[in-house]
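In: after the sequence you'll find the predicted model.
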Amino acid sequence: MPNEIFKITSAGSVDDGKSTVLARLLLDTGSIYDDQYNKNFDPNRIADLLDGLESELEQGITIDVAHRFFDSKTRRYQIADSPGHEQYTRNMATACAGSDALLLVVDATAGLKPQTKLHLDIALRLGIRDVIFAINKIDLVGFSKKTFDQIAKSISTLLEERETTFGPINHQSVPLSGLKGQNVVRPSSKLSWFIGPTLMEALDGIERRPRASDSAKLIVQYVQRIPGGGRRYLGSLRDGVLEVGQNLFVNGQQMQVEQLLNNGVPCERAEPGSSISVVINRELDVAVGDLLSAENFKSHDQFEVDLIWLHTEKGVKGRKYILKSASSISSASITKISRIDIETNKKDAQSPSILTNEIQRCNLSLTGSLPLQAFDTYSELGRFVLVEPQSGQTVAVGTVNYHLNRSENLTEHQFAVTPALHEQLTGVSGKVFWFTGLSGSGKSTLANKFSQELHAKGVPHFVLDGDNLRLGINRDLGFTEEDRSENIRRTAEIASLMADAGLVVSVALISPYQRDRQMAREIIGAGRFQEIYVATPLEECEKRDPKGLYKKARSGEIPNFTGVSSPYERPDGRAIEVLDFEELVRKIG
């Protein structure tokens, strides 16, 4: 039995019988233990053998992604059983990453459904080019050859359309009955008209595709100091072969392999997949996550990508996420979102946000440069995930289309008069006090009193007020979640420049979302950012209602109003909480 495991993602629209097909596949290959079912087991409910969560059993659907193993006569399989229900499409996308093939179950009584097509598109975008269509429930259409041929033809037509975008797709359509076990592992006399393989034979017939690149690539997973001096760089050899004396590149710098160890044993040559350590002939700043490669991959900081959004909270332009790829990690933000026409794979309009399960074409801007490559050229370096910094949850999977040259010819100019010299001139250290709270909480009032106090002491300062900004530089923005985020990003950039000039800056913005305030903190710099939470209760704010906004919001005249129809997220423990000016002065000194 080969040691290498062939990985498959299973998918299908809800009620198409995917769990039943997989359960039959496991059952008939002897991959389900006897203690998982007893003599009272109902053969008409074999899908229950797979659904491990109590909520799955109650609802009759698959929710989580489960990984199952089974063996054929030729190899071992790992199959990721992904959910079929639309609200769990994100789980299916996660399962596809790294799989060799897709098993897509289709109900013979219904044919291709929109969710089936979406699952196919997700798999194709994540690099899968081998697809088996299991035409299930063929017994419910009387084992009809005509019905099967019609579905198989619609599948071929669909794939011909997709091949114009994704290139050649290898596929096989197989009629079967997961419930009865016909043509799953063993052929059936009721399908004598079908001259193709069983499902098991079709799986065995898929050949593992060669990697797109045969050049050596090692991603550093651990840096080991050598007694007496020097370092070893440990990791798994992703592609190609590596030999002693071979030239490699890291961050644009060339070096040579001086020593090579495979599983701790010195060697002259290592094969793909080997766990190796490398000693190089130069003292270079190589860190965990860096890419050592036989090719000199250039790094860039802006890319056009396709994102499959997985999180329940929508993605918004300007917000900070953590990008994790095979090459490294960087902070990233979405700078542009464009809807994709699934049929043509072309952009058709811009969008302010990206919602759960949507596939959108986006521009990403990174804080650092990474050697990401076009997914079609180097899938290993062209696939990534986005992670929400606070929760650590994966919010999207994506593939790189190409790098953008937006900042390739831009160089940050270093002026002779630095922020430190500006601070010597003004006599104070640049700092930003960020006042946040509900409308009517007193943010602008406190910022105004604070300004008067600073003026009396001769402290150079400035106030950036939300309403004033919206009458000028931010007048094009509304009050949607997306526009609020952009409002805060622009304001934070301005405040940062003012702090560079040696000013004390007060910002008075509702800024209702914690992640946006964190974005502002990162733009300005944690060391010179102080959040002030004006904690006036909602009831008191409504009583004051100096602009009559709450009354309008309650009557429905103002949509997306914080505290009424839009949420306010209380600051975390880093914020100073105040109710009046005296408390502010006391707490900030």
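Out: Okay, I see it. These numbers were taken from a predicted model, which means no experiment stands behind them. Numbers count the residues shown, from 1 in each chain.

In: give me the neighbour count for Leu421.
Out: Using other C-beta atoms under 10 Å, Leu421 is surrounded by 12 other residues. All C-beta atoms are positioned from the backbone trio N, CA, C, and that covers glycine.

In: what's the helix or strand for it?
Out: helix 419-426 (DSSP states H and E).

In: may I see the buried residues of that helix?
Out: For helix 419-426, the neighbour count (16 or more other C-beta atoms under 10 Å) marks Pro419, His422, Glu423, Thr426 as buried.

In: mean confidence score for the next helix or strand along the chain from that helix?
Out: Under the assignment DSSP H and E, the closest C-terminal helix or strand after helix 419-426 is strand 431-436. The average pLDDT for strand 431-436 rounds to 96.

In: which is the next helix or strand following strand 431-436?
Out: Counting by DSSP H and E, what follows strand 431-436 is helix 443-456.

In: any idea of the angle that following helix forms with strand 431-436?
Out: Going by axes from the mean of the first three to the mean of the last three C-alpha atoms, to 10 degrees, helix 443-456 is angled at 160 degrees with respect to strand 431-436.

In: related to what we said a few turns ago, for the helix holding Leu421, packing partners?
Out: Using 3 or more C-beta pairs under 8 Å, 6 or more residues apart in numbering; DSSP states H and E as the contact test, the elements touching helix 419-426 are helix 481-500.

In: mind listing what the closest residue to Ala553 other than its chain neighbours touches?
Out: Nearest residue to Ala553, sequence neighbours excluded (C-beta to C-beta, 6 or more residues apart in numbering): Phe561, at 3.6 Å. By C-beta atoms under 8 Å, 6 or more residues apart in numbering, the contact list for Phe561 reads Ser439, Phe479, Leu549, Tyr550, Lys552, Ala553.

In: reformat the buried residues of helix 419-426 into a markdown table and put pLDDT and distance to Gly273 next to each item.
Out: As requested, the buried residues of helix 419-426 are exported to a markdown table (pLDDT from 0 to 100; distance: C-beta to C-beta, whole Å):
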| residue | pLDDT | distance to Gly273 |
| --- | --- | --- |
| Pro419 | 86 | 50 |
| His422 | 89 | 55 |
| Glu423 | 87 | 55 |
| Thr426 | 90 | 59 |
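
In: from those, which is closest to Leu323?
Out: Pro419 (28.5 Å; C-beta to C-beta).

In: pretty sure that closest one is touching Asp500, no?
Out: Yes - using C-beta atoms under 8 Å, Pro419 is in contact with Asp500, at 4.4 Å.

In: give the residues shared as contacts by the two.
Out: Gly430.

In: just checking, what packs against the particular helix or strand that has Glu304 in it?
Out: Using DSSP H and E, Glu304 falls within strand 300-309. The contact analysis (3+ C-beta pairs under 8 Å, 6+ apart) places strand 300-309 against helix 89-96, helix 114-125, strand 329-341, strand 359-370, strand 394-403.

In: which stretch among those comes nearest Lys180?
Out: helix 114-125 (22.1 Å).

In: scan this protein for its longest helix.
Out: Longest helix in the chain, counting residues (DSSP state H): helix 145-166.

In: what does that one rub up against?
Out: Residues contacting helix 145-166 (C-beta under 8 Å, 6+ apart): 106, 108, 111-112, 117, 120-121, 124-125, 129, 131, 133, 135, 138, 141, 169, 171, 173, 175, 193-194, 343-345.

In: tell me how far that helix lies from the chain's centre.
Out: Its chain's average C-alpha position is 30 Å from that of helix 145-166, according to C-alpha atoms, centre = their mean, to the nearest Å.

In: mind listing what's buried along that helix?
Out: Here helix 145-166 shows Thr147, Phe148, Ile151, Ala152, Ile155, Leu158, Leu159, Arg162, Phe166 as buried, counting by 16+ other C-beta under 10 Å.

In: could you tell me the angle between the strand holding Glu304 and strand 359-370?
Out: 150 degrees.

In: so strand 300-309 versus strand 329-341, what angle?
Out: Using the same axes, to 10 degrees: strand 300-309 against strand 329-341 is 60 degrees.

In: any stretches of the stretch 201-350 of the chain with poor pLDDT?
Out: Within the stretch 201-350 of the chain, the ranges that satisfy pLDDT under 70 run 210-214, 326-327, 342-343.

In: ok, how many other residues are close to the residue nearest to Gln259 when sequence neighbours are not counted?
Out: Leaving out its chain neighbours, the residue that sits closest to Gln259 by C-beta to C-beta, 6+ apart is Val279, at 3.8 Å. Look at Val279: counted by other C-beta under 10 Å, it has 16 neighbours.

In: pLDDT wise, what is the residue nearest the centre of the chain at?
Out: Central residue of the chain (C-alpha atoms, centre = their mean): Ala396, 2.2 Å from the mean position. We have a pLDDT of 87 for Ala396.

In: residues contacting the nearest residue to it once chain neighbours are set aside?
Out: Leaving aside its chain neighbours, Ala396 sits nearest to Leu386 (4.2 Å; criterion: C-beta to C-beta, 6+ apart). Leu386 makes contacts with Leu307, Gly315, Tyr321, Ile322, Leu323, Lys324, Ala332, Thr394, Val395, Ala396, Val397, Gly398, as judged by C-beta under 8 Å, 6+ apart.

In: distance to Cys96 added to these, as CSV?
Out: Formatted as CSV, those follow (distance: C-beta to C-beta, whole Å):
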residue, distance to Cys96
Leu307, 14
Gly315, 19
Tyr321, 20
Ile322, 21
Leu323, 19
Lys324, 17
Ala332, 21
Thr394, 13
Val395, 16
Ala396, 13
Val397, 8
Gly398, 12
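
In: quick check, nearest of those to Phe415?
Out: Nearest member of the contacts of Leu386 to Phe415, counting by C-beta to C-beta, is Ala332, at 27.8 Å.

In: and the nearest residue in space to the closest one that is not next to it in sequence, how many residues sit next to it?
Out: Nearest non-adjacent residue to Ala332, counting by C-beta to C-beta, 6+ apart: Leu323, 4.1 Å away. Neighbours of Leu323 under the rule other C-beta under 10 Å: 24.

In: having no further points to raise, I will conclude here.
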